[in-house]
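A.B. asks: Okay, sequence plus prediction incoming.
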Amino acid sequence: MGRQHWKKIWVGSAGNMVEWFDWFVYASFATYFAGAFFPSGNPTAQLMNTAGIFAVGFFMRPVGGWLLGRVGDRKGRKAALTLTVTLMSASAVLIAVAPTYGVAGYGGAVVLLVARLLQGLSVGGEYAASATYLTEASDPRRRGFASSFQYVSMTAGQIVGLGLQIVLQRTMSDDALHSYGWRIPFVVGALGAAVVFYLRRNMLETEVYEEDTSHSGERGTLRALWQHRREAFLVVALTMGGTVAYYTYTTYLTKYLSNSAGLSKETATLVSFTALIVFACLQPLAGALSDRIGRRPLLITFAVGSTFLTVPIMTLLRHADGYWPALGLALLALVVVTGYTSINACVKAELFPTGVRALGVALSYAIANALFGGTAEYVALWFKKGGIESGFYWYVAGCAAVSLVVYVTMRETKDLDLARVRAREDSSVATAS
């Protein structure tokens, strides 16, 4: 790829990293601030309260997907990406200064809730805007490779968050972390978002978007999206299994290892940190592979692996008694998940025409995440509280099985060029007229 392509990928990915740092830091530091916003009592109940607010953020993602997807299709990918990072910065500041239960009662939880709603709006548009931007900005023959950097940057954001957590765990006492140390990553996130805002203000728009001027009045509208409702439903279905598996082995893994397997918070964090570094390195390799053999083989491999390996992996993780056994199992799970994460961004973007691509990906993906990704952690804790934790393992496997049916029956998108997808948009709008 040329220098301009790499520049666009770098700017898009750097902003995505900060966005997801802020998003995931909530989950990774929840074990420290859960007691700050809710009455003392059962630790699992406190985690369920914070997980519930985490899930609420996901339910705002369809709203953010609609609003910011519309901005992305009507005003440009650059405008949408700049707006998303502004919202994320505001939410990080709110969490950093939120009062505790001892100071303001449930007032602090309300501030936390508002911040998560803003984050939901932001991430609801960020995923689609960055997926669309990276797909459109890349060489058509390297779309899988280029778009894989979305999950590289997403994972990098979580790695930075976990790395900061490890540093704080080793330089601060446990009491200090529970008291005020958990606020530090949110301050860092707000500062990082300010830097990204500057970068995105000066980023280049994609040529695909700039060259497409057809039916400008229909851009980014639900009416235009309705002409591609089959693709929208397809995105929801193909996302279902992938998003549940991804959040199980990333955001929930640290809590699972400490709250269920009995590992120390420090060991659980280090397992997640190491596994995610390897996971990030796998994304471009798998993305490049998809440019050679197609998207469907990787998606099918993920779904088969997740369907049949989730129960044994989670069962063994439950009894992992140290760093190395837990790391080996976590890596096995994330290798399987790579079949989905490395290419799902470009697959979704390739399904829609330019004029409705950001909205189509954003709204469909956000709905799937609200229903399955955002609730994964809460469902897991619900099963645990009910004394049937293994039920969650079967839930994850079942979601993957549903997506497997979709992967087997869907068309291959590797060789679709964006010009041809635009032509299909033209005929669809003409028919609707």
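C.D. replies: Structure's in. What do you need?
A.B. asks: If you count contacts, what does whatever helix or strand residue 63 lives in end up packed against?
C.D. replies: Element membership for residue 63 (DSSP states H and E) is helix 61-74. Here helix 61-74 touches helix 77-97, helix 107-137, helix 357-368, going by 3 or more CB pairs under 8 Å, 6 or more residues apart in numbering; DSSP states H and E. No exception for glycine: its C-beta is placed from N, CA and C like everyone else's.
A.B. asks: and if we set it to 10 Å?
C.D. replies: helix 77-97, helix 107-137, helix 222-226, helix 357-368 (3 or more CB pairs under 10 Å, 6 or more residues apart in numbering; DSSP states H and E).
A.B. asks: closest one to residue 241 among those helices?
C.D. replies: helix 357-368 (9.8 Å; CB to CB).
A.B. asks: Pull the distance from the closest one to the chain's centre.
C.D. replies: Put simply, helix 357-368 sits 13 Å off its chain's centre (CA atoms, centre = their mean, to the nearest Å).
A.B. asks: May I have that helix exported as PDB, CA atoms only?
C.D. replies: Output of helix 357-368 as PDB, limited to C-alpha atoms (Å, rounded to 0.1, in the frame of the first residue of the first chain):
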ATOM      1  CA  ARG A 357     -22.300   2.300   4.500                       C
ATOM      2  CA  ALA A 358     -21.600   4.100   7.800                       C
ATOM      3  CA  LEU A 359     -25.300   4.000   8.900                       C
ATOM      4  CA  GLY A 360     -25.700   0.400   7.700                       C
ATOM      5  CA  VAL A 361     -22.700  -0.900   9.600                       C
ATOM      6  CA  ALA A 362     -23.300   1.300  12.700                       C
ATOM      7  CA  LEU A 363     -26.900   0.600  13.400                       C
ATOM      8  CA  SER A 364     -26.900  -3.100  12.600                       C
ATOM      9  CA  TYR A 365     -23.700  -3.700  14.600                       C
ATOM     10  CA  ALA A 366     -24.800  -1.600  17.500                       C
ATOM     11  CA  ILE A 367     -28.100  -3.500  17.800                       C
ATOM     12  CA  ALA A 368     -26.200  -6.800  17.800                       C
END
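A.B. asks: Show the subsequent helix or strand relative to that helix.
C.D. replies: Taking DSSP H and E, what comes next after helix 357-368 is helix 376-385.
A.B. asks: Alpha carbons of stretch 370-381, in PDB - could you do that?
C.D. replies: Provided in PDB are the C-alpha atoms of stretch 370-381 (Å, rounded to 0.1, in the frame of the first residue of the first chain):
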ATOM      1  CA  ALA A 370     -26.600  -4.100  22.600                       C
ATOM      2  CA  LEU A 371     -28.400  -7.500  22.600                       C
ATOM      3  CA  PHE A 372     -25.400  -9.800  22.900                       C
ATOM      4  CA  GLY A 373     -22.000  -8.100  23.400                       C
ATOM      5  CA  GLY A 374     -23.000  -5.600  26.100                       C
ATOM      6  CA  THR A 375     -25.000  -8.100  28.100                       C
ATOM      7  CA  ALA A 376     -22.300 -10.900  28.000                       C
ATOM      8  CA  GLU A 377     -20.700  -9.900  31.200                       C
ATOM      9  CA  TYR A 378     -24.000  -9.400  33.000                       C
ATOM     10  CA  VAL A 379     -25.300 -12.800  31.800                       C
ATOM     11  CA  ALA A 380     -22.100 -14.500  33.000                       C
ATOM     12  CA  LEU A 381     -22.500 -12.900  36.400                       C
END
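A.B. asks: List the buried residues for the helix or strand harbouring residue 285?
C.D. replies: Here residue 285 is covered by helix 265-293, with elements defined by DSSP H and E. Going by neighbour count (16 or more other CB atoms under 10 Å), the buried part of helix 265-293 is 265, 267-276, 279-280, 282-284, 286-287, 289-291.
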